[in-house]
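A.B. asks: dropping a prediction and its sequence here:
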Number of protein chains: 2
Amino acid sequence: MRNFIVPILFACSLPSLAVAQDKDSITLRKLADEVLTHSTAYENLRHLTKDIGGRLAGSPQMSKAEQWGVAALKAAGADTVYLQECMVPHWVRGAREEARIISKRRDFIPPLNVLALGNSVGSGPNGVTAGVLEVASFDELEAKKDQVKGKIVFYNVRFKPEYIKTFHSYGDAVKYRGQGASRAAKYGAVAVIVRSMSHGANNFPHTGAMGYDTAYPKIPAVAIGLEDADRLSLRLKDDTDAKVFLRTNCEMLKDVVGHNVIGELKGRKYPDQYITVGGHLDSWDVAEGAHDDGAGCVQSIEVLRALKAQGIQPEHTLRVVLFANEENGTRGGKKYAALAKAKKEQHVFALESDAGGFTPRGFMTTLPADKKAKMDSWKPLFAPYGIYDFDEQGGGVDVGQLNEAIGTPMAELSPDSQRYFDYHHAANDVFEAVNKRELELGAFGMAGLIYLVDQNF
Amino acid sequence: MRNFIVPILFACSLPSLAVAQDKDSITLRKLADEVLTHSTAYENLRHLTKDIGGRLAGSPQMSKAEQWGVAALKAAGADTVYLQECMVPHWVRGAREEARIISKRRDFIPPLNVLALGNSVGSGPNGVTAGVLEVASFDELEAKKDQVKGKIVFYNVRFKPEYIKTFHSYGDAVKYRGQGASRAAKYGAVAVIVRSMSHGANNFPHTGAMGYDTAYPKIPAVAIGLEDADRLSLRLKDDTDAKVFLRTNCEMLKDVVGHNVIGELKGRKYPDQYITVGGHLDSWDVAEGAHDDGAGCVQSIEVLRALKAQGIQPEHTLRVVLFANEENGTRGGKKYAALAKAKKEQHVFALESDAGGFTPRGFMTTLPADKKAKMDSWKPLFAPYGIYDFDEQGGGVDVGQLNEAIGTPMAELSPDSQRYFDYHHAANDVFEAVNKRELELGAFGMAGLIYLVDQNF
């Protein structure tokens, strides 16, 4: 019987599936036209990056960005806009870092281009002057642990070029930024210098969050530009008595009040069930936070604007969330998830964009098998837009909190990753580095996915 | 029987196919590692763009670029390098173009940013001053043909944002650049201004080739930047008596000698059968010709270098061809095809890269069905590298000549197209606009395809 039933099911289901796909295909085309011809994402990004700029948690720009977010969500057509309070860390860089090679030789040595890592302690006004131990891995650090005491440990770990998706290179290297200081402090190091996580053919240092293991002393930690990392490494081989002077002026102040900025479009059928789409509003202080993550914010706002402009009122309530403090605390994402759990909210799906405003290639997902199968069935709908890659596991740091807290199915926009780490957490992550159409195509992909999820999940 | 035979065929053929794909998969991974870690493409591009720059047919830079090509092919490991002579047109821009709005009003009006179109005639030293007829299509021109006499026709045709692949927008709009002058001269126009073919959020005019229909007078033709096109259009609506003054100083001189630059890697099994891979060495004079088509040249050279570095001697002779004069004559491509035909050379396949050094997404092809089916069977081999789109028809202007002359199967690298027309034929097509990894991934895709074609076609 089974062999008989299957063809009949096919015969019955195929036409209706075809009709549904045809209707969906038309809706996606309308959304694409809407975004590619009327998007406000690019101009929104210009305001956020050029008029406000870097907006680290606790900074005056954080508050300005929150006000901007409220206004942008209202302008996009949200029917409710509100702030969700959360305490955020308040780390300040202080005066610009200094680093230089100290040598007995009399040649001129240009200063080293470094940036204090986020959350790290300052060196004190006199700085740190010490010999340098260069290592290429934690294994090498362990092997040379007897040489660490009193030294600056220099993690000169190359960002691997062989990975095709650059996030895999990042996954490989980021532990030296995150844990490097305490791993070295354990053996008596006085500071660490970490090679920037980038393929970039330039000398921008790339900052980013680090954390301390409280079992060991907190020591200063900086990122160094790639050219200067190579220069320092070369110098150390030749000039074995050379030392490095390092001064950082950062400190962690008391937590302050920050906010997630939330805009809603009320659900037509299920107003008490939520679909979340968001990016994070904070960015590192040293740049404009254009790709990371101004892009994700303006794309999420554009999802709401485009749906509304096309007369599509979602069945579930759509929540656009501009998360606070992703960079050095994830407090916004955690707060959003904790409140959702406490209020027993029903969350159908959550989508994040936090991998840059580049040309979209697909979505990373964390979904139950039936929903993944459904999403895979939408591949033909996305193929005309160059969005085809649905196979990688993922979801994003902020909506990941919701997934962890209450199991919400989630996805993250997966843009082409080749250029992301040229800009990530560095001073060149500016508005001009974002291409209007690439940003818009990503926003379209998100709008299309939200539309389909709303209809089918 | 049929139901029985099919599984048996599968049982026999699957393992050997699997073994072949496994071996091929390993070879492609080696080629990717080779290109991503040791490529000389980016440094080659730096030399070509920064040390030589714009290199239009007939210019002194054309000769310098030819010498560079010979040296680069030798350095990449070609066993034979030679020049193939061809006559090329010699169009010169002369002094920089001027254009401005002439009004009876006394307000300050900034000059219009224009560039003479390639092959166009100059206006003469006194320039042209005339009223302007703006049209949005040839249909509108025909409808208003009685108003054309003595006017400058302004083709203000928007580069359509709705197409996902930007080359489709180009295909839609380029006829106004190519034929606009003669279509307007037919009705007595004295010059034409063509809105640049670009989505770019800036004011760069984008030049490009045009041609004259000899039945009508040759009139000056310029491209105008997008912001100035909007400004001119707005002004004309309001200030209906406004005229435009236009002076171009270009002229077509006598043909001169140019060259295709060719490097070969002798075939192991079939030395008299050729696989061609190439880009064009010439570029417009106003930029560095980085994406168009320095990228295609250095990628083609990298194919040879990577194969040789990995110890892969092709079965057929590999010819890297840096074509002369694609931009305003295609004389290099035509000469190469004419000689191949005259010498009765056997050409197995030809691959071009002339769509920018952006992250690769696939290949456009013009292939007989059996070869297309074979190429489709390689999709799983390319999927890990984000190269998945083999469905569009195409091949490239230069290798297209070979296809036309002797039916050679052909393909063209299909990079992501979103940014291409931001730079195309404009002053911002410079080295810095090319991302090293995107360039390299394209070169890898080409090397992988050449390897598979060499083994299987």
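C.D. replies: All right, it came through fine. Nothing here was measured: the structure is a model prediction, and the numbers come from that model. Numbering: from 1, shown residues only, chains lettered A, B, ... in the order given.
A.B. asks: which parts of chain A belong to which domain?
C.D. replies: Residue ranges of the domains in chain A are recorded as A:29-91+A:254-456, A:94-249, according to automatic domain parsing.
A.B. asks: show me how far the first one is from its chain's centre.
C.D. replies: What it means is domain A:29-91+A:254-456. Going by Cα atoms, centre = their mean, to the nearest Å, the spacing between the C-alpha centre of domain A:29-91+A:254-456 and its chain's C-alpha centre is 10 Å.
A.B. asks: so which of the domains of chain A is the most packed in?
C.D. replies: Each of those was given a mean neighbour count from mean count of other Cβ atoms under 10 Å in any protein chain shown, and the largest, a mean of 22, is that of domain A:29-91+A:254-456. C-beta coordinates here come from the backbone N, C-alpha and C atoms, glycine included.
A.B. asks: pLDDT on that domain, on average?
C.D. replies: Across domain A:29-91+A:254-456, the average pLDDT comes to 98.
A.B. asks: scan chain A for its longest strand.
C.D. replies: Of all the segments of type strand in chain A, defined by DSSP state E, the longest one is strand A:251-265.
A.B. asks: strand partners of it, parallel vs antiparallel please.
C.D. replies: Note on strand A:251-265: by DSSP bridges, its sheet partners are strand A:80-92 (antiparallel), strand A:316-323 (antiparallel).
A.B. asks: report the next helix or strand after the shortest one in sequence order.
C.D. replies: Put plainly, it is strand A:316-323. Sequence order places helix A:331-342 as the next helix or strand after strand A:316-323, per DSSP states H and E.
A.B. asks: got it, and the first one?
C.D. replies: The first helix or strand that comes after strand A:80-92 along the chain, using DSSP H and E, is strand A:98-102.
A.B. asks: do I have it right that A:Ala78 meets A:Gly263?
C.D. replies: Yes: counting by Cβ atoms under 8 Å, A:Ala78 sits close enough to A:Gly263 to count as a contact (3.3 Å).
A.B. asks: from A:Thr27, how far off is the residue nearest to A:Lys269 when sequence neighbours are not counted?
C.D. replies: Of all residues not flanking A:Lys269 in the chain, A:Glu315 sits nearest, at 4.1 Å (Cβ to Cβ, 6 or more residues apart in numbering or on different chains). For A:Glu315, the distance to A:Thr27 (Cβ to Cβ, to the nearest Å) stands at 14 Å.
A.B. asks: roughly how far does A:Phe444 sit from chain B?
C.D. replies: Here the criterion is Cβ to the nearest Cβ, to the nearest Å. By it, A:Phe444 lies 9 Å from chain B.
A.B. asks: which element is that residue on?
C.D. replies: Remark: A:Phe444 resides in helix A:436-456, with elements defined by DSSP H and E.
A.B. asks: that older thread, please name the residues that touch the residue nearest to A:Lys269.
C.D. replies: Residues near A:Glu315 by Cβ atoms under 8 Å, 6 or more residues apart in numbering or on different chains: A:Gly267, A:Arg268, A:Lys269, A:Tyr270, A:Asp454, A:Gln455.
A.B. asks: now the fourth one: closest residue in space, sequence neighbours ignored.
C.D. replies: Taking Cβ to Cβ, 6+ apart as the measure, A:Tyr270 lies nearest to A:His316, with 4.8 Å between them; neighbours along the chain are not counted.
A.B. asks: let me see the contact set for that neighbour.
C.D. replies: A:Gly267, A:Lys269, A:Tyr270, A:Pro271, A:Gln273, A:Tyr274, A:Ile275, A:Val348, A:Asp454.
A.B. asks: neighbours of A:Lys23, just the number please.
C.D. replies: 11 (other Cβ atoms under 10 Å in any protein chain shown).
A.B. asks: just checking, it is part of a helix?
C.D. replies: Yes: read with DSSP: H, G, I helix; E, B strand; the rest coil, A:Lys23 is one of the residues of a helix.
A.B. asks: having no further points to raise, I will conclude here.
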